[in-house]
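*Asks:* sharing a model that was predicted from the sequence below.
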Amino acid sequence: MGRHAMAWASGLLALVVSCGEEFTAIDADGVGGDAGIAGNGGKPGSGEAGEGPGSSQGEAARAGQSGGGKTMHAVGGMSSSVAGAPGAAGADEKPASGGEGGETSFGQAGSGSGDACQPAPPLVAGAIAARCVIGASPVVDAKLTEWPEGAFSNTLTYAGNPHLGTWANNPTSDDANLSGRFAVAWDGDAIYVAGRINDNARQRPDTVNLYQNDAFEVFFDGDNERGNYGIGDWQMIVDTSGAGQLYHYPSAMPAPPLPSNVKVAVANTGVAANWVIEIRVPFANLGTASPALGQLLGFDVVLDDADTLARQRSLTWKNTAPNVCNCAAPPNVNPCEPYCNTAPFFQVMLGGR
Ligand SMILES: [Ca+2]
Ligand SMILES: [Ca+2]
Ligand SMILES: [Ca+2]
């Protein structure tokens, strides 16, 4: 069983799951509202009615993130701050403006002769480029000022990406409900990922299986071998509290916490339940200790959204076969989800500055 199956069996929702079949969700608590997340190619649910700001505020308070407050979270030896969720509807997220000055932008240091980021390799087909930041590495503090806006060109939306769960099929409301953008960078020691996530209601109902919460998942295949999960293959999950887990299919849930040398910081943007995340993963953890210009890693991103219940919808950046899932134990011949097998991943190339 994959993690979806185990999760549904243990949550509020009683359901039967086999990867490749549609999920059936039952609202066991009688509250109503959303149906659970649907299976691959799943059916539309009951819509988004009832996911108002009041629900957001109430759930945020339960998670210790009530409006206006600051909560400190230590993750992987780093502190991260999460401001409270005001619960107000808003436009596209913007990074918090306070205290973000003075950081070096990419491309403003280390250029010129002898630059380890040169020459920039040509982008390989089927890959995105991670920006080389040797000499100007980002600080993992959930302040994304050192990430140029243009770097966030990788998007996840209901209209544009594989998705599961309950959606309105309305671009405006769906994008406010869950959407995101991310950027990737690298230096000689680590790969960095920054994300900007739009959400309308913050929710953290599950402290055991973090993907049931509002969460950002990053997948790596360190040597790009693209098969069953092995050494250097990662699914890391970070929720809006800054807590993180490292899942490794088909290992049993709950997944262990992230290694202490992985740094994560998250912050609320102050608009709706939108949030940002910044991640640093040492290459050594991915089995590729000597990164080089032009090197390829398997890579993928998933966004999870819980608004009134445990996870109600998700977006997957790359998913090669969403309707023919077979997440059976290895050998996994036909994976549909990046948590089953690294084959559905896209690639990130270690690019120039
Ligand atoms: Ca930063
Ligand atoms: Ca949402
Ligand atoms: Ca949410």
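*Replies:* Nice, I can see it. Ligands and ions are numbered 1, 2, ... in the order given.
*Asks:* make it CA atoms for all contacts and neighbour counts henceforth
*Replies:* OK.
*Asks:* OK, contacts around whichever residue of the stretch 51-200 of the chain sits closest to ligand 3?
*Replies:* Distance from ligand 3 to each residue of the stretch 51-200 of the chain (CA to the ion) is smallest for Asp199, at 5.3 Å. Contacts for Asp199 (CA atoms under 8 Å, 6 or more residues apart in numbering) come out as 176-179, 272-275, 305.
*Asks:* out of these, list just those in helices.
*Replies:* 176-177 (DSSP state H).
*Asks:* so the residue lying closest to Ala194 once chain neighbours are set aside: helix, strand or coil?
*Replies:* Distances taken as CA to CA, 6 or more residues apart in numbering put Glu278 closest to Ala194, at 4.4 Å, once the chain neighbours are dropped. Secondary structure assignment for Glu278 (DSSP: H, G, I helix; E, B strand; the rest coil): strand.
*Asks:* Glu278: neighbouring residues, count only.
*Replies:* Neighbour count for Glu278, taken as other CA atoms under 10 Å: 25.
*Asks:* burial check on Ser260, number of neighbours?
*Replies:* Quick note: Ser260 (other CA under 10 Å) scores 10 neighbours.
*Asks:* then the one 4 residues further on?
*Replies:* The burial metric for Val264, expressed as a neighbour count using other CA under 10 Å, is 29.
*Asks:* is ligand 3 contacted by the helix or strand hosting it?
*Replies:* Secondary structure from DSSP states H and E places Val264 in strand 263-268. No: Strand 263-268 lies apart from ligand 3 when judged by CA under 5 Å from the ion; the minimum separation is 12.0 Å.
*Asks:* so which elements touch that strand?
*Replies:* If you count contacts as 3 or more CA pairs under 8 Å, 6 or more residues apart in numbering; DSSP states H and E, strand 263-268 packs onto strand 70-75, strand 78-83, strand 275-282.
*Asks:* could you export the last one as CSV, CA atoms only?
*Replies:* C-alpha atoms of strand 275-282 as CSV (Å, rounded to 0.1, in the frame of the first residue of the first chain):
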residue,chain,number,x,y,z
TRP,A,275,3.0,30.8,2.5
VAL,A,276,6.6,30.6,1.4
ILE,A,277,9.2,27.9,1.9
GLU,A,278,12.9,27.8,1.5
ILE,A,279,14.9,24.5,1.6
ARG,A,280,18.5,23.5,1.6
VAL,A,281,19.5,19.8,1.0
PRO,A,282,23.2,18.9,0.9
